[in-house]
Structure formats: C-alpha cells, structure tokens
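Trainee: model the following, please.
(chains A and B)
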Amino acid sequence: MQNVAVKAEPAAANRSAGNSVVETEQLSLTFQTADGPVYALSNVNLTIEQGEFVSFIGPSGCGKTTLMRVIADLEQPTQGSITVNGVTPQEARLNRAYGYVFQAPALYPWRQVDRNVTLPLEIMGLSKEEQAQRAAQYLDLVNLKGFEKKFPWQLSGGMQQRVSIARALSFEPDLLLMDEPFGALDEITRDHLNEQLLRLWEKTQKTVVFVTHSIPEAVFLSSKIVVMSPRPGRIIDVIDCNLPADRTLDARETPEFLEIAHRVREGLRAGHSYDD
Amino acid sequence: MTTEVADPASSAPTVRQPGLLSRVMSGKTGPVAVMLLLILVIWYAGAVYLNAPRLIDGYERNDTEWNFSQLTDDAWAMERPILPAPHQVLIEMNDTIFGKKITSKRSLVYHSWVTISSTLLGFAMGTALGMLLAVGIVHVKALDKSLMPWVIASQTIPILAIAPMIIVVLGAIGLTGLVPKSIISMYLCFFPVTIGMVKGLRSPDPLQLDLMRTYSSSTSQVFWKLRWPSSVPFLFASLKVAIAISLVGAIVGELPTGAQAGIGARLLVGSYYGQTIQIWSALVTASILAGLLVALVGVAEKFVLRHMGVIHAGGAR
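Mentor: Here you go, the predicted model:
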C-alpha cells in the first residue's frame, strides 16, 4: 500500500504530461508597501494536473491565497512564469476558464438566489431558457432546490456559501478555485459541505484548487496537498494523498488518513521553525 | 407588556395591561401630538408677547380700560400682527386653499402648483445632472480630480446672490417662466445627488468587484449589475434632501421674477403690504408641501428597496 508518495521535485515530475492545468516556474510576487517589500511568493514551482483536487495549506500570510489570485489573474507576479490551460492567466480569465469561490459568499443582496446563480450567465450572454435550466440544475446539485426565490439574507451562512458554489459551477468551468470557502462556517456545517464537495468533485471530474488552513479538511478532500510556509511565501512539501474515492467522514479515523495528516503537520512545523 | 404577580397571596400571575397613556405614547401619534401641542402653546404665547406692545400703546392712547384677557383676545385677532396666531393662519389657509377657485390668482392651490411644477422640473434635471456627474467622477480619474472641487465650490455661493443673475442672463437669451426657476432648483439639488451617488457607486466591496473581474465582465456590465444597484439606497437618501431643497430653490427663484406667481410671490407680496398672515400661511403651506414631497420620495424608496429584497432602509448590505 502506497498511500503516501513523496516527490523530491514537486513540479518537475509532471512537466512533460501535456494535460497540466496550471504550471508555474520560479514564480515570485513581492508587494511594495510603505513598510518595505513583502515577499508574498518566492520561487514557486507547481504543476496541477487535470482532474486533481489540490489543496494549499499553511498558516496565515504564507501566500496561499495570493498564489490562487495569481492563477485567477487577480494579482500579477513580479517574477517567473505561470500558465493556466497553456496560456497566460489573463487569457485564461478572458476565456472564462475558472470559477472562483471566495472566502465570503459575495452574493449580491438585491438578487434572489436563482438570479445570483445566473449572474455569470447573464454576463456571458446565455439565453433566458438556458439560464433558468442551469440555475435549477446547479441549485439542485448543491441541495438548494426550493430556495430559488429567497433573498440571500433569508439563508444561513452555509446555504449562502452553497449558492456561491452553484454560481461558480453554473457556467461550467473546468477549473474551480476555492479560497477557504468554508472558513467562516461552524464545524458541523463544514463537515457536511466537505462531504458534499467531495461527491461533487467525483461527479463532475473538475480540477479543484482549494485553499485552507485546516489539516483534516485538506487531507479529507485532496488528491494532492501543497504545504506552504510564510516569509517568504513558498512551497515546502507536496504530498500525494490517495484515500479511497468513496471515502466518508469516517475515513478521518483510518491510519492512512492520520499518517498523511501527520506528515502535513510535520511540514507545517518545519516551515515554522525555519522562520524562527 | 409587563408580567408581574399582583398579589403575593394568589399564585396565578396576572398580566397587567399597559395603561392608555403608555399605549398612546409608544406609537407615533402620541409623541407627535405632544410636540404639536407644545409648539401651539409656545406660538400662542409668542403672539401675545410680540403683539402686546403695540396693543398696549393703542389702549393708552385711547385711554381704554384693559386687562390681560382683553389683551390676549386682541393679540390673537389683529389684522396685521407681528406674529399671527395659529388659528388666524389656518383660517387664511382655509380661505385661500378651499375658498377660492383654483384658477384664481388669490388661490394658494394655484400658487402651490406654480411652485411645485418648477420644483419637480428642477428636481428631475438636478437628479439627472447629479447622476451624470457621479458616473463621470467614479469612472474617469481626471474628472474625480478636476470636477469635485467645482461641485463643492458651486454650493458655497449663496443662492440668493446668484438667483437674480441666472434669471437675468436666461431672460436675455429668451428663457423665461418655468425653466429659469427650475434651473435654480437644479443648481441646489444636484449637489446631494452627486455626493450620495459617488459614495453609492463606490460602495461595492472588493470581493464583489473581484467576482465581476473573474467573469471578465465589461465596465458597463460592472456598472449595471453591481455599481448601480449598490448605489440605490444612497441615491434615495440623497433624493430626500434634494427634493426639499428643490422647493427652496423654486421659491427663491420666484422672488426676482417680479413676484408673478408661486409661493415665493405670495411671500414677497405679503411683505410689501405687511400682510403677515398671508406670509405665514404661505410659509406653512410651503413646509407642508416639502413634507409631502419628502414623504413621496420615502414611499418610492420603500417600494423600490422592498423589491430589491432590502427590508430595512439603509441596511442594504
């Protein structure tokens, strides 16, 4: 049983496999602030293959959200190169290659649930029938059938975040970028949504990039865990994680799970001591 | 509602109904009525105090016997008092609002309509101008830097000083009547609309803007789908201020036009002839109109915000 596979060179191994979704090389990003430069990302080499579920994990300030925003073309790198679907992040964004789920649901409060889901579809110019059909389909997928005509404030935090996931899925991007989507939710809701997300990933075969600072969440969901460390933000370990596809929350008590979790924790600790 | 045990001996707690007074005062009617009563008392007292010297002069000149109740009766019934009593104003208003044909030059309804029409036209023009400036200021950096100081400077000039010049200049190019007065209203009311709209159009948070960017949406899509709806609560707050000062602008605009018609004309004619009762009834009518106009905007606000799923005005996000 080889559940844990260690890669000496995280990015280099799959460089030749033509179907990589995200590829970075020596990627660096430095913010110029009044207090001097902040090294948000330093020499990041990373490859994300199609269909993978990749988690970025690390303490606050390790650049995991920044890396995601670079992939989404919401930040510009200062050095190195990055491609998304083989083109620059800007071209990928203009091609509407990814759906982004933010830390907060970021729903528009004046739109009812179904019209929040159809927002990207309106912008992309889909027909009214297509919009209605997609809204129904994806609200059903996140178990929100019957809530179409509610306003966001009438929904709980967990339901709002599910609406934002339906919104990101509605225009059917192959790449899903999720920035701590469940960070603000209570643990019970979070567990429930983790399980739902896993089923969703199985069903849709999308590539998911997921930012979190919860070790159990990362291990439970991911096929690959990228452990990051702050000041400067960099990758210190990439862990393959091949728990059975039909795993439930009970998988968190299995030895395999605990072994991977232990390795993630070791990596995080090593990153921290480096800092001191 | 308070629940308390009325009698220690009986074990069943009795619910005490709140008294009539506390029920009336917990609503809107009670406090408003009390305030109105207070104003009336002060007003009547003020009328006696201000009108008394002239009356006492008259008594002494004619060697008439007088006492305090005689004095108050006379003070509240003078033809040209310094301060007319409320009932005198009400009688005059009743007379000129309901007692005259609305086409008559002596009807307050006719004069109110003249003022209202230029108020509304000015309000519409000012709102349009205010929105246009706000959209420009938010989207064009150069306008933000260059226009804002002028917008603010425009409001530091006293409107009373500039109104006659606007009337004269527009008259010289053949514009008379409704339009020049509306332009004075517009001049006053575009300002709060611009300020409120700029704030409103900038109110979307970074996440909501980032979301639009991930869809690679155009500037006009960001405007119509995000900035514009975000600004609506701010817009209504501005419109309430704007419509009230539009009315002020319309009244000020009527003063230099030779006092032909409108609430402003009634004020001016009243002051020429010392008709204080006429002045006060015009003033009270103007404030009632202002109240109605603001309430009208309030009703529109409630309707629109409810449609947008916002339950409490101002709690838009």
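Trainee: for residue A:98, grab phi and psi.
Mentor: Main-chain torsions, residue A:98, degrees, to the nearest 10: phi -140, psi 150.
Trainee: excluding its backbone neighbours, what's nearest it?
Mentor: Counting by Cβ to Cβ, 6 or more residues apart in numbering or on different chains, the nearest residue to residue A:98 once its immediate chain neighbours are dropped is residue A:175, at 4.1 Å. Every residue, glycine included, has its C-beta placed from N, CA and C.
Trainee: next one: that neighbour from residue A:210, what distance?
Mentor: 12 Å (Cβ to Cβ, to the nearest Å).
Trainee: swap in residue A:93?
Mentor: Using Cβ to Cβ, which is the criterion applied here, residue A:93 is 19 Å from residue A:210.
Trainee: out of these two, which sits in the more crowded spot?
Mentor: Using other Cβ atoms under 10 Å in any protein chain shown as the criterion, residue A:93 and residue A:210 rank with residue A:210 on top: 27 against 21.
Trainee: starting from the helix or strand encompassing the more buried one, tell me the next helix or strand along the chain.
Mentor: Remark: residue A:210 resides in strand A:207-212, with elements defined by DSSP states H and E. Per DSSP H and E, the first helix or strand lying C-terminal to strand A:207-212 is helix A:215-221.
Trainee: so what strands line up beside the following helix or strand past that next one?
Mentor: Using DSSP H and E, the helix or strand that follows helix A:215-221 towards the C-terminus is strand A:224-229. According to DSSP bridges, strand A:224-229 has the following sheet partners: strand A:53-57 (parallel), strand A:234-240 (antiparallel).
Trainee: domain map for the chain?
Mentor: Picking chain A for this. For chain A, automatic domain parsing gives the domain ranges A:12-97+A:175-275, A:107-172.
Trainee: that's the wrong chain, I wanted chain B
Mentor: B:17-83, B:108-307.
Trainee: lowest-confidence stretch among these?
Mentor: Sorting the domains of chain B by mean pLDDT places domain B:17-83 lowest, at a mean of 86.
Trainee: centre of the chain to it, how far?
Mentor: What separates the centre of domain B:17-83 from the centre of its chain is 26 Å, taken as Cα atoms, centre = their mean, to the nearest Å.
Trainee: quick one, what contacts residue B:157?
Mentor: Shown in contact with residue B:157 (Cβ atoms under 8 Å, 6 or more residues apart in numbering or on different chains): no residues.
Trainee: helix or strand for it, which one?
Mentor: Secondary structure assignment for residue B:157, by DSSP H and E: no helix or strand.
Trainee: how near is it to residue A:104?
Mentor: 45 Å.
Trainee: so which residues on chain B come close to chain A?
Mentor: By the rule Cβ under 8 Å from any Cβ of the partner chain, the part of chain B lying against chain A is B:205, B:207-208, B:210-217, B:221, B:225-226, B:229, B:232, B:308-311, B:316-317.
Trainee: let's see that with 7 Å instead.
Mentor: B:207-208, B:210-211, B:213-217, B:221, B:225, B:229, B:308-310, B:316-317 (Cβ under 7 Å from any Cβ of the partner chain).
Trainee: which of those residues count as buried?
Mentor: B:208, B:211, B:214-217, B:225, B:229, B:308-310, B:316 (16 or more other Cβ atoms under 10 Å in any protein chain shown).
Trainee: out of those, which one sits closest to residue A:119?
Mentor: residue B:225 (6.8 Å; Cβ to Cβ).
Trainee: got the contact list for that closest one?
Mentor: residue A:119 (Cβ atoms under 7 Å, 6 or more residues apart in numbering or on different chains).
Trainee: which other residues reach stretch B:137-145?
Mentor: Contacts for stretch B:137-145 (Cβ under 7 Å, 6+ apart): B:136, B:147-148, B:198, B:201-202.
Trainee: chain B contacts on the stretch 151-276 of chain A?
Mentor: Residues of the stretch 151-276 of chain A that fall close to chain B, judged by Cβ under 7 Å from any Cβ: residue A:151.
Trainee: whoops, the stretch 1-150 of chain A was the one
Mentor: Contact residues, the stretch 1-150 of chain A versus chain B (Cβ under 7 Å from any Cβ): A:72, A:74, A:93-94, A:96, A:100, A:102, A:104, A:106, A:108-110, A:112, A:119-120, A:123.
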